[in-house]
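Engineer: Fold the stuff below for me.
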Amino acid sequence: MSPTLTAIAEQDAGLSGAKGFPEAVAAMRDLLAGDLEAVNAQILARMDSEVHLIPDLAGHLINSGGKRIRPMLTLAAARLLDFDGDDHVKLAAAVELIHGATLLHDDVVDDSALRRGAETANTIWGNKESVLVGDYIFSRAFELMVAAKNLDVLKVLSRASGVIAEGEVLQLATQKNIDTTFDMYLAVVEAKTAALFAAASQSGALIADGDETQVNALRRYGYHLGVAYQLIDDALDYAGFEAELGKSVGDDFREGKMTLPVVYAVARAKPEEKSFWRRVISEGRQNDGDFERAHELMRRDDAVADTLSCARRYAERALADLLKTPENAYSAALAELAATSVSRAS
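Structural biologist: Now for the predicted structure:
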């Protein structure tokens, strides 16, 4: 193991890392600069259409400041295992298109007004248009998967697409349900977020002909990083800033989503407080000051703090997964990404 990776892997429970999360993302982007440029070219080419709404709406989403974490996982996993072809670029572009399509659909389902700090496509163009362009983007993603000519990768990414859709349906089943448990919440996170993180890194390992140990390690790395990443997002909805979150703080609360801070808070609420949670979450009857009251209860019962602690545990597992991969600049960059992922809450 390289000294850099060793140092990162041996971080204490705080997982502070040598960098902050934005710096870790920027460092990985620099490391993969040539590949990312090729990914962007692939995406732009696939968004070309004589139906002007398609490139306009898709371009709004793709150019709205996303971190490109998922495609970087594919690229870094392939490079980590010394892949020197170009099929990893096609797969990384497919991963980003799958993500983009799900975001368009998510924003319609959630009636979201902000995405990455900008107006959502459904706000600008409408719900029907967003759904249809999302479907178009999905189809383009599958074209790229097929172009890579690797059946194992096609199975992984197509399965992930189905799991993501299942996660959307499962989230609807848990939304506004204050009886949601940690296991029910985790099932949503595994499907909606961790599945694509895992498939992204696993695909890079597969296209590079990694052995079974390497492929499984990188799949688990993506899964654990994805769970940690979503946990931090959920915590930020109650303890973050809009500039950091990329959406309005409190959106999850207003939509009645049973994220982990709410699951913990409801489970720890005093009997007389259950009616508050039932009113604001299950019944959706929210008044001025309710969000602040919810935040106060969460702070008292360590609901957000324990969500962050849970995220740190998953980030630690992601670091442990990388110990089974080769020692190079790419494994070190992936380790920094995991180690600093929890710092987004600070």
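
Engineer: Under the pLDDT cut-off, which ranges of this protein? List them.
Structural biologist: 1-19, 65, 114-117, 240-249, 345-346 (pLDDT under 70).

Engineer: What segments of it are strands?
Structural biologist: Using DSSP state E, the strands found in the chain span residues 114-115, 118-119.

Engineer: Against Gly204, how distant is Leu322?
Structural biologist: Using Cβ to Cβ, to the nearest Å, Leu322 is found at 13 Å from Gly204. Backbone N, C-alpha and C define where each C-beta goes, glycine included.

Engineer: neighbour-wise, which of the two wins?
Structural biologist: Neighbour count, other Cβ atoms under 10 Å: between Leu322 and Gly204, Gly204 has more, with 31 against 27.

Engineer: Could you find the closest non-adjacent residue to Val131?
Structural biologist: Closest residue in space to Val131, ignoring its immediate chain neighbours: Val108 at 5.7 Å, by Cβ to Cβ, 6 or more residues apart in numbering.

Engineer: what about the one you found, neighbour count?
Structural biologist: 19.

Engineer: got a list of what it touches?
Structural biologist: Asn122, Asn127, Ser130, Val131, Gly134 (Cβ atoms under 8 Å, 6 or more residues apart in numbering).

Engineer: For the second one, which non-adjacent residue is closest in space?
Structural biologist: Which is Asn127. Counting by Cβ to Cβ, 6+ apart, the residue nearest Asn127 is Val108, at 4.7 Å.

Engineer: okay, now Glu129: neighbour count?
Structural biologist: Count around Glu129 with other Cβ under 10 Å applied: 18.

Engineer: one step back: would you list the contacts of Val108 in TSV and tack on neighbour count and distance to Asp84?
Structural biologist: Below are the contacts of Val108 laid out as TSV (neighbours: other Cβ atoms under 10 Å; distance: Cβ to Cβ, whole Å):
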residue	neighbour count	distance to Asp84
Asn122	25	41
Asn127	16	44
Ser130	24	38
Val131	17	39
Gly134	24	34
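
Engineer: quick check, nearest of these to Arg220?
Structural biologist: Checking the contacts of Val108 against Arg220 with Cβ to Cβ, the nearest one is Gly134 at 29.1 Å.

Engineer: From Ile137, how far out is the nearest residue to the closest one once chain neighbours are set aside?
Structural biologist: Nearest residue to Gly134, sequence neighbours excluded (Cβ to Cβ, 6+ apart): Leu104, at 3.6 Å. Here Leu104 is placed at a distance of 7 Å from Ile137 (Cβ to Cβ).
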